[in-house]
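Visitor: structure, please.
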Amino acid sequence: MEPQKSRRSVRKKVAQVMNGLSLLVDGSARVQLGSAPNQSIYKAFNLEVLHILPRAPEEGGGARRTPVLLIPPLAVRPYVYDLRPDHSMVRVLRDFGLDVYVLDFGVPRAVDRNLTLDHYVFTFLPQAIDAVRRHAGAETVHLAGYCMGGLFALLYTAARGERVRSVVTVGAPINFDKLGVLTLAAHLGKKPMDALLERLGNVPSFAAEAGFKLMGGTRTITKWADLVAHLDDDGYVRGFDAINTWVNDLLPYPGEAFRQLLREVVTGNKLLKGGLVLADREVNLRRVEAPLLAFSGRTDNIATPEATRAILECVGSRDKSLREVPGGHVGVIAGSEARTHVWEPAARWLVERA
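Guide: Numbering: from 1, shown residues only. This is a model prediction of the structure:
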């Protein structure tokens, strides 16, 4: 038994050293991010739509023509839906027989500082949806989005519901009075932020990353202790590396869109109260009649459960449900339990409504 224990100890030490070295190599996770085979079907301005290629028929899982468009939040790269080959939302949806597309809003440039939420909801998103409909030969699409991506899906559906078969949201808050300390910070920082954006133009990516980590609370620190304790676990280290790369790789936020979000959606709470005007029209979530499935992370301190539950009372859908699942704001879409509690249930739900 002693030689066996000794060999296990040596293997564990070797694994710890190798995994530790891989974390120190810049880009060690990047070769896996967004690696699902895909084809670009549309490009315009900064916008791009990618089609996730179906599995070969001989492997099973040939795609049915049921297009699903995944919408990322602003400031988040679309590979959040495809972190690594063995942990990928796009591959799960694909393997359930869904025809999967991913929207990439691109990287905002200095000249994009005046882009508004109106542009994203009523110019860029319709272009992407029309491209998917043409490519898939479908009249309607399923829309799915994480955080602000989910809100974009709802806002578009409220205006153009005839093109939307169903909506899935993950960690998408509706009642912005229930975001805890984030609500307070938004109210206190509204005027200083206006002045700052006048000088900066866009919200810099490092500021978005800092804010994201700050909202993570103590987890931002304790995750490193957890990593050290699991350095011999290849799967844990790969997962940590992918997520850590993602949250340190956020994008600039278009200045005017951020100002509008802060003023109209967060401090004005107009998604819940009504009165949100985009592209000279009032967008009311009660006009959303498509089937809706929403997910909320039980320990999410950004899109809190209290903020997310309000979605059920705001939309007009008859077929609607909300599932509270394990995870915080990152874990709910990308954590180790996301496949079991979010991706696979969402895939089954979408297939049932195909």
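Visitor: quick check: pLDDT value at the residue positioned nearest the centre of the chain.
Guide: The centre of the chain sits closest to residue 146, judged by Cα atoms, centre = their mean, with a distance of 3.1 Å. For residue 146, the model assigns a pLDDT of 98.
Visitor: touching, residue 141 and residue 167? I think so.
Guide: No: taking contacts as Cβ atoms under 8 Å, residue 141 lies outside contact range of residue 167: 10.1 Å. In short, each C-beta sits where N, CA and C put it, glycine included.
Visitor: more neighbours: which of the two?
Guide: Neighbours per residue (other Cβ atoms under 10 Å) separate residue 141 from residue 167, with residue 167 holding more: 26 against 23.
Visitor: contact partners of the helix or strand that the more buried one is a member of?
Guide: Element membership for residue 167 (DSSP states H and E) is strand 164-170. For strand 164-170, contacts defined as Cβ atoms under 8 Å, 6 or more residues apart in numbering pick out 140-147, 150-151, 153-154, 156-157, 288, 290-295, 311, 332-333, 342, 346, 349-350, 353.
Visitor: that strand pairs with which strands, parallel or anti?
Guide: In the sheet containing strand 164-170, its partner strands are strand 141-146 (parallel), strand 292-297 (parallel), by DSSP bridges.
Visitor: out of the ones you listed, deepest packed?
Guide: Burial of those is given as mean neighbour count (mean count of other Cβ atoms under 10 Å); strand 141-146 ranks first at a mean of 27.
Visitor: pull the CA atoms of that one into CSV?
Guide: Extracted in CSV, the C-alpha atoms of strand 141-146 (Å, rounded to 0.1, in the frame of the first residue of the first chain):
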residue,chain,number,x,y,z
VAL,A,141,-36.3,32.0,-34.5
HIS,A,142,-35.7,31.1,-30.9
LEU,A,143,-33.8,33.8,-29.0
ALA,A,144,-31.6,33.1,-26.0
GLY,A,145,-29.5,35.5,-24.1
TYR,A,146,-27.4,35.9,-20.9
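Visitor: from the chain's centre, how far out does the helix or strand just after that strand sit?
Guide: Using DSSP H and E, the next helix or strand after strand 141-146 towards the C-terminus is helix 148-160. Distance of helix 148-160 from the chain centroid (Cα atoms, centre = their mean, to the nearest Å) equals 14 Å.
Visitor: and helix 148-160 with strand 141-146, angle?
Guide: 150 degrees (axes from the mean of the first three to the mean of the last three Cα atoms, to 10 degrees).
Visitor: buried set for helix 148-160?
Guide: Under the neighbour-count criterion of 16 or more other Cβ atoms under 10 Å, helix 148-160 has 148-159 buried.
Visitor: so what does it touch, helix or strand wise?
Guide: In terms of contacts (3 or more Cβ pairs under 8 Å, 6 or more residues apart in numbering; DSSP states H and E), helix 148-160 is packed against strand 67-71, helix 125-136, strand 141-146, strand 164-170.
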